[in-house]
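>>> sequence plus predicted model, see below.
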Amino acid sequence: MDYMTTTDLRTQSSQLVQSLKLGKKISLVHRSQVIGEISPVRTDAKSFDIKRFRTFVKTAKLQDNLSYQERDKLYRKHLEKKYGKGLS
């Protein structure tokens, strides 16, 4: 496990990034005491399932059947509720 001081965080951030990309854990030292540990985050990429997406698109109601006047009316009603009647 590598050690890095708080000053090194400022001056050697690129080295920190490289170490994290390699999967190393780094202990953070402040005034001769280990105050924490910096570890890389492992995120597994989610695979995109085109079949699930197509079934979602078919079943979801993606088209909004409101006219522009109805949308404007709902939006103004929302603004009036949120901010009060004094809005023009």
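All right, it came through fine.

>>> excluding its backbone neighbours, what's nearest Thr6?
His30 (4.8 Å; CB to CB, 6 or more residues apart in numbering). Where you see a C-beta, it was placed from the backbone N, CA and C, and this is true even at glycine.

>>> so how many other residues sit close to that neighbour?
12 (other CB atoms under 10 Å).

>>> same thing with Asp72?
Asp72: 11 surrounding residues under other CB under 10 Å.

>>> quick check: mean pLDDT of the longest helix that the chain contains?
Longest helix in the chain by number of residues (criterion: DSSP state H): helix 68-83. Averaging pLDDT along helix 68-83 yields 89.

>>> how far off centre is that helix?
Chain-centre distance of helix 68-83: 30 Å, with CA atoms, centre = their mean, to the nearest Å.

>>> any low-confidence regions in the chain?
Filtered on pLDDT under 70, the chain yields the residue ranges 1, 43-45, 62-64, 87-88.

>>> pull the distance from stretch 71-88 to the chain's centre.
30 Å.

>>> try stretch 19-36
Using CA atoms, centre = their mean, the offset of stretch 19-36 from its chain centre is 24 Å.
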